[in-house]
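Participant: coords please:
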Amino acid sequence: MTDIKQTLVIGATGNIGRHVVRTLRDRGLAVRGLARDVSELPEGVDRVSADVRDLDALRTAVRDIDAVLLVWPFMTADGIDEVAAVLGGSGRRVVYVSAMSVRDDAAPEANGVWGQVEDAIRRSGADWTFLRASGFATNTLQWAPAIRAGRPVRIPYLGAARSLIDERDIADVAVLAMTSPGHAGRAYTLTGPAAVTQVEQVRLLGAAAGLPVSAEEAGHDEARAQMLSWAEPGFADAALAYWASLVTTPEPVTDTVRQLTGSPARPFASWARDHAADFRPLPVEEIARRYVQAYRVGRMDRALTLIDPGLVRVAPAETGGERTEVRGLPDIMANAERLTADLEIHAVTAEGPFVGGDRFAVRFTFDQTHRPTGRRTEATKLSLYTVAGGAIVREEVSYFDPPAEPS
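Facilitator: Residues are numbered from 1 along each chain as shown. Predicted structure coming up:
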């Protein structure tokens, strides 16, 4: 029995949110889902297609809402004060998926983005509950390209032991905190049932997928360069230092999931079996579909699981007409940052994929503003991707509109 009627799930199509949405709906509660692309939400769910930082859309979404799940999708806390002010309200429950690294005796800034989001929610007046989760089992999906291609998985600190948690366990606790009293003002540390070394995680993934796999130690500099393709330097340095510490001091394990839900946390081996198909080679059509869908919902983390780390990119319009090959994700991402340094990108639309043989094409259109001049334009390019070994290994780019030269 629950004492709430109307629920809002922010991040409704993500790894955690989609499970929360279905559970709430199946329990007969009114569910509203907010995400950039809501086309895959199940029937019976009220859909709001928006970025969480779109305050006008958020104000409409929270109208008449009793309980909110917030999954903050950004690597910084920019905009959270305004978002929290909209979510907060007397009697409204806000359940936030945080991180177990947050310490109550540290300043919000010292706790990173998660601590800053927690602080903003506390100050909003909401009846808050924080789910301080350990590393997500879904993070191991980043190893999928190597496993699919039969290459060694190169990761730093093979002996680092993590108490990875299944996203469904977080979702189960989230639903409980949203729908039942007694959780306001509580911060729960949620982990998997055991600390598993990274080399053992790789072994379990290979066993589940039925594929021969191996793991190799990546050096600190190699790992840092790879992380900088998607993370800020401060985050990368802190993460690497933390993983190094887990070699001698394994990540803590709690029994909180069982205490709250009555069921023990799911082991990583179980998660691996349930996601075995994600680590097996995919046909070109499926890689293309997943890649485009990841772009449409703004989930570069998902797109990266389909890309070979040694991706080769050729874009003559960016290199003075020369067919210069840029190799490896770190260099490719650095080039992208250089090209977009003066741009504010408002939206990206993707047409396709158009599949043929071992290739597929996607037409991207960017709605963007050139900051130095304030000029807002649309820019279009066509990317032709080549797939080999179950991953995207090459991108050839043709521009319909010349790329803006960075100042």
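Participant: Need the pLDDT of the one residue sitting closest to the centre of the chain.
Facilitator: The geometric centre of the chain, computed from its C-alpha atoms, lies nearest to Asp301 (Cα atoms, centre = their mean), at 5.2 Å. The pLDDT attached to Asp301 in the predicted structure is 79.
Participant: what's the closest non-adjacent residue to it?
Facilitator: The shortest distance from Asp301 to any non-neighbouring residue, by Cβ to Cβ, 6 or more residues apart in numbering, is to Trp230 (7.0 Å). Just so you know, the C-beta spots here come from the backbone N, C-alpha and C atoms, and that holds for glycine as well.
Participant: same thing with Pro264?
Facilitator: For Pro264, the nearest residue in space outside its immediate sequence neighbours is Arg258; the separation is 4.6 Å by Cβ to Cβ, 6+ apart.
Participant: Equivalent analysis for Ala277, please.
Facilitator: Leaving aside its chain neighbours, Ala277 sits nearest to Ala209 (7.9 Å; criterion: Cβ to Cβ, 6+ apart).
Participant: Tell me the secondary structure of Asp3, please.
Facilitator: Per DSSP: H, G, I helix; E, B strand; the rest coil, the local secondary structure of Asp3 is coil.
Participant: quick one, phi psi at the closest residue to it other than its chain neighbours?
Facilitator: Leaving out its chain neighbours, the residue that sits closest to Asp3 by Cβ to Cβ, 6+ apart is Pro181, at 6.1 Å. Listed backbone geometry of Pro181 is phi -80, psi 170, with angles given as degrees, to the nearest 10.
Participant: From Gly125, how far out is Pro181?
Facilitator: Between Pro181 and Gly125 the distance is 18 Å, computed by Cβ to Cβ, to the nearest Å.
Participant: neighbour count winner among those two?
Facilitator: A count of neighbours by other Cβ atoms under 10 Å puts Gly125 above the other of Pro181 and Gly125, at 16 against 11.
Participant: before we move on, back to that, could you measure from the residue nearest to the centre of the chain over to Glu325?
Facilitator: 25 Å.
Participant: cool, and Gly112?
Facilitator: In this structure, Gly112 and Glu325 are 36 Å apart, going by Cβ to Cβ.
Participant: of these two, who's got more company?
Facilitator: Neighbours per residue, other Cβ under 10 Å: of Gly112 and Glu325, the larger number sits with Gly112, 20 against 12.
Participant: so where's the stretch 151-300 of the chain uncertain?
Facilitator: Counting by pLDDT under 70, the stretch 151-300 of the chain contains no low-confidence segment.
Participant: What segments of it are strands?
Facilitator: Under the criterion DSSP state E, counting those that start in this stretch, the stretch 151-300 of the chain contains strands at 153-155, 161-162, 186-190, 196-197, 215-217.
Participant: Tell me which of those strands sits most buried.
Facilitator: For the strands of the stretch 151-300 of the chain, average neighbour numbers computed from mean count of other Cβ atoms under 10 Å are highest in strand 161-162, which has a mean of 24.
Participant: Can you give the contact residues for that strand?
Facilitator: Around strand 161-162, the neighbours that count as contacts under Cβ atoms under 8 Å, 6 or more residues apart in numbering are Ser134, Gly135, Ala195, Val196, Thr197, Gln198, Gln201, Leu246, Val247, Pro250, Glu251.
Participant: how about a cut-off of 6 Å?
Facilitator: Contacting residues not belonging to strand 161-162 are listed as Gly135, Ala195, Thr197, Leu246, Pro250, Glu251 [Cβ atoms under 6 Å, 6 or more residues apart in numbering].
Participant: Ok, stretch 298-316 next?
Facilitator: Residues from elsewhere that reach stretch 298-316, judged by Cβ under 6 Å, 6+ apart: 36, 141-142, 144-145, 287, 290-291, 294, 323, 325-329, 332, 391-397.
Participant: at 7 Å what do you get?
Facilitator: By Cβ atoms under 7 Å, 6 or more residues apart in numbering, the list of residues contacting stretch 298-316 from outside reads 36, 141-142, 144-145, 149, 226, 230, 287, 290-291, 294-295, 322-323, 325-329, 332, 391-397.
Participant: Only alpha carbons, please: show it as CSV.
Facilitator: Once side chains and other backbone atoms are set aside, the C-alpha atoms of stretch 298-316 remain, and they are given as CSV (Å, rounded to 0.1, in the frame of the first residue of the first chain):
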residue,chain,number,x,y,z
GLY,A,298,22.1,12.1,-25.8
ARG,A,299,23.8,9.1,-24.4
MET,A,300,27.4,9.2,-25.6
ASP,A,301,28.3,6.6,-23.0
ARG,A,302,26.1,4.1,-24.9
ALA,A,303,27.6,5.1,-28.2
LEU,A,304,31.1,4.5,-27.0
THR,A,305,30.3,0.9,-26.1
LEU,A,306,29.9,0.3,-29.9
ILE,A,307,33.2,2.0,-30.9
ASP,A,308,36.6,0.4,-31.2
PRO,A,309,39.0,2.3,-29.0
GLY,A,310,41.3,2.5,-32.0
LEU,A,311,38.7,4.2,-34.2
VAL,A,312,40.1,5.9,-37.3
ARG,A,313,38.4,9.1,-38.4
VAL,A,314,38.8,10.9,-41.7
ALA,A,315,37.3,14.4,-42.2
PRO,A,316,39.0,16.3,-45.0
